[in-house]
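Trainee: What shape does this take:
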Amino acid sequence: MLGEDLAIVGNEDISAHETFAKILNTFNILVIGYTISHLIPISLTKRDKSILEKEDFDAWFDMRGFIDDKDDLFQKLYKWIAPKDTPEDIEEGEFQELLKTKEGILHLEQFRTTKGNPIGGHEKLVDNPFEEWKKSEREKYEKYYENSITGNNQSGRKLKPGAKPDEIFPIDVWREEKRANGYEPLIPSSRPPGYARKKREGLPKSAKQILPIGIFIATILGVVAWWGVDLIVIATATGGFTIGLGLALQETMQNYFAYIMIRKDKIVIEGDRVQLDTGYNGNIHKITPRVTYIRDALHESIAVIPTRQLVNAQIINYSKENKLVPAVVKVGVSYLNNPRQVASILVKVGKRGMKEI
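Mentor: Below is the predicted model of the structure:
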């Protein structure tokens, strides 16, 4: 009897020890899962920033430099090589004359054919132009930041870093704003405080923001299964609720996933000129997870459509890979005016507008 009692007590001690070890392992697993769930999005965000930075560099190369570059940065990093044959859109004599002057060579370097293609080629003057370009962009941001905190801006007010709402753009937002505005230089205090935060209100969470929650929930489910809890019971209890919620939010989810698809594949972006299947023609003013605003500048009206319609319906995008967008402008004149004179004036105005644009 005494031996049996000792054996029972010994088994209870071992069981309690294993339970305590299992609890400690549970905490360790949860901590590791929580850490991994936050490290993966950080790595993905860093990769996305590198991709966007490379896209900015490609845009800089296509534009032969940004307007806020210092000391002809592009010409310092690349040398233009003239084509051996005369381009089709330039006469032979004019082409040879342009090659004789520095201004002419610069004109040819910026020249585009009727198909929008550049002429000639470029060879590198430095080992790594990408690193030199990144250094130049960092210097631009440092100047922007210094002008913000010293009051050297259009408001004359010293902006405070870390203020709520934000008065100074962080470097990532600064790059994003430049990208959205055609890489125009940003002027400190040109936007009201909190502009960047308000602009992002209503945007759905990206996959990188949802990923930590998903990884941590998967970790918890794994721990629950490890403790012997039947996951089928949990799935059955939540399945009906999930189905009912999905049916109730069907249209909302369609708009949400359409928004994600539009942002990911860049089907359309703000500023694109589109025509809906209803015949409405205008520029995309704002895209949200629920609705999209399309502004008709000629008639000063705004169409509000579900975002999913940009994916499901047939639309015409006039701005996709096109820099020049046609526009119909109605002009009214008196019947007493000479039609030829009116046409001549309109042609002159059109040519002047083309040069200015």
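Trainee: for the nearest residue to Pro188 once chain neighbours are set aside, phi and psi?
Mentor: Nearest residue to Pro188, sequence neighbours excluded (Cβ to Cβ, 6 or more residues apart in numbering): Asn153, at 3.6 Å. Placement of C-beta: from N, CA and C, glycine included. Per-residue torsions, Asn153: phi -140, psi 180 (degrees, to the nearest 10).
Trainee: Would you confirm that Asn153 contacts Arg191?
Mentor: No - contact criterion Cβ atoms under 8 Å: Asn153 and Arg191 do not qualify, at 11.0 Å.
Trainee: Which pLDDT value does the model give the residue nearest to Asp89 when sequence neighbours are not counted?
Mentor: The spatially closest residue to Asp89, leaving aside those adjacent along the chain, is Thr113, at 5.2 Å (Cβ to Cβ, 6+ apart). pLDDT recorded at Thr113 is 77.
Trainee: same question, Tyr144
Mentor: 90.
Trainee: Now do the SS call for Glu131.
Mentor: Under DSSP: H, G, I helix; E, B strand; the rest coil, the three-state class of Glu131 is helix.
Trainee: Any idea how many residues pack against the closest residue to Phe95 other than its chain neighbours?
Mentor: Closest residue in space to Phe95, ignoring its immediate chain neighbours: Thr86 at 4.7 Å, by Cβ to Cβ, 6+ apart. For Thr86, the neighbour count with other Cβ atoms under 10 Å is 15.
Trainee: Quick check: the gap between Thr86 and Lys330.
Mentor: Distance, Thr86 to Lys330, by Cβ to Cβ, to the nearest Å: 42 Å.
Trainee: following the helix ranked longest in the chain, which helix or strand comes up?
Mentor: In the chain, taking DSSP state H as the definition, the longest helix is helix 2-62. Counting by DSSP states H and E, the next helix or strand C-terminal to helix 2-62 is helix 73-77.
Trainee: you'd agree the residue nearest to Asp89 is up against Glu88?
Mentor: Yes - assessed by Cβ under 8 Å, Thr113 is found in contact with Glu88 at 7.1 Å.
Trainee: More neighbours: which of these two?
Mentor: Thr113 (12 against 9).
Trainee: Using the three-state scheme, assign Pro193.
Mentor: coil.
Trainee: Who are the contact partners of it?
Mentor: Ala163, Pro165, Asp166, Glu167 (Cβ atoms under 8 Å, 6 or more residues apart in numbering).
Trainee: What is the longest helix of the chain packed up against?
Mentor: The contact analysis (3 or more Cβ pairs under 8 Å, 6 or more residues apart in numbering; DSSP states H and E) places helix 2-62 against helix 129-150, helix 171-180, helix 207-226.
Trainee: least reliable of the ones you listed going by mean pLDDT?
Mentor: Among the helices and strands packed on helix 2-62, helix 207-226 scores lowest, with a mean of 78.
Trainee: Tell me which other helices or strands that one touches.
Mentor: If you count contacts as 3+ Cβ pairs under 8 Å, 6+ apart, helix 207-226 packs onto helix 2-62, helix 231-248.
Trainee: okay, the angle between it and helix 2-62?
Mentor: 170 degrees (axes from the mean of the first three to the mean of the last three Cα atoms, to 10 degrees).
Trainee: which other residues reach helix 207-226?
Mentor: Where contact means Cβ under 8 Å, 6+ apart, the residues beyond helix 207-226 that reach it are 26, 29-30, 32-34, 36-38, 40-41, 44-45, 48, 231, 234.
Trainee: Contacts only, for Tyr78.
Mentor: Phe61, His122, Glu123, Lys124, Leu125, Pro129.
Trainee: What count of nearby residues applies to the fourth one?
Mentor: By other Cβ under 10 Å, 10 other residues sit near Lys124.
Trainee: How much space separates it from Lys54?
Mentor: Taken as Cβ to Cβ, the span from Lys124 to Lys54 is 16 Å.
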